[in-house]
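> missing the sequence, but the structure's below:
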């Protein structure tokens, strides 16, 4: 049986997913925290791109909050072609093709697998058909700059809405899956 694989990204109304610290402001409240708690409760493995891993590994090991309590001990798989050797923070380097690695990881025993970015990592794995659920927390802001999760390089790709809700902080949390009639890119 294949393990469930999820991805969660914060997004602006115009699709920017890069650097949410620059536009998220005060719109992360109790509903968003509840959603994160539900996702992390079932997740035993975390797949990250190198940039996100470097940012997070410099911050989360010293943090004291519910997300830190989860992210510090969880197994982390770092997609990188530049890092070498042993990694700290319960992390290992993913060598080779990320899609092949994730497909193999999905066959191993364990809980859910979460893709925690960055933008290109999430885009590649969603379009490869390896993400069962893509959740976007869409913030009521338009960013003047930054990379979009699905930019002009992505051909027409159809999704289906699994669920959506509006939070008290004013965000829309929408969860999607690739439609079965959409070929993996």
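Okay, I see it. Since this is a predicted model, take the numbers as computed values, not measurements. Numbering: from 1, shown residues only.

> let me see the ranges of the helices in this structure.
Under the criterion DSSP state H, the chain contains helices at 30-42, 50-57, 66-71, 98-107, 119-127.

> how about the residue nearest the centre of the chain, phi and psi?
Nearest to the geometric centre of the chain sits residue 116, at 3.0 Å (C-alpha atoms, centre = their mean). Backbone torsions of residue 116, given as degrees, to the nearest 10, read phi -110, psi 30.

> what does the one helix or strand in the chain whose mean pLDDT sits lowest contact?
Scoring the helices and strands of the chain by mean pLDDT, DSSP states H and E places helix 30-42 at the bottom, with a mean of 90. Helix 30-42 is contacted by residues 4, 6, 8, 66-67, 70-71, 74, 111-112, 114, 135, 137, 165, 167-169, 171, 173 when judged by C-beta atoms under 8 Å, 6 or more residues apart in numbering. Placement of C-beta: from N, CA and C, glycine included.

> now the residues you listed: which count as buried?
Buried members of the contacts of helix 30-42, counted by 16 or more other C-beta atoms under 10 Å: 6, 8, 70-71, 74, 112, 114, 135, 137, 167, 169, 171, 173.

> I'd like those residues laid out as JSON lines, including distance to residue 147 and pLDDT.
As requested, these are exported to JSON lines (distance: C-beta to C-beta, whole Å; pLDDT from 0 to 100):
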{"residue": "6", "distance to residue 147": "21", "pLDDT": "97"}
{"residue": "8", "distance to residue 147": "17", "pLDDT": "95"}
{"residue": "70", "distance to residue 147": "26", "pLDDT": "95"}
{"residue": "71", "distance to residue 147": "23", "pLDDT": "97"}
{"residue": "74", "distance to residue 147": "25", "pLDDT": "97"}
{"residue": "112", "distance to residue 147": "26", "pLDDT": "97"}
{"residue": "114", "distance to residue 147": "20", "pLDDT": "98"}
{"residue": "135", "distance to residue 147": "18", "pLDDT": "97"}
{"residue": "137", "distance to residue 147": "17", "pLDDT": "96"}
{"residue": "167", "distance to residue 147": "24", "pLDDT": "97"}
{"residue": "169", "distance to residue 147": "24", "pLDDT": "94"}
{"residue": "171", "distance to residue 147": "20", "pLDDT": "97"}
{"residue": "173", "distance to residue 147": "21", "pLDDT": "97"}
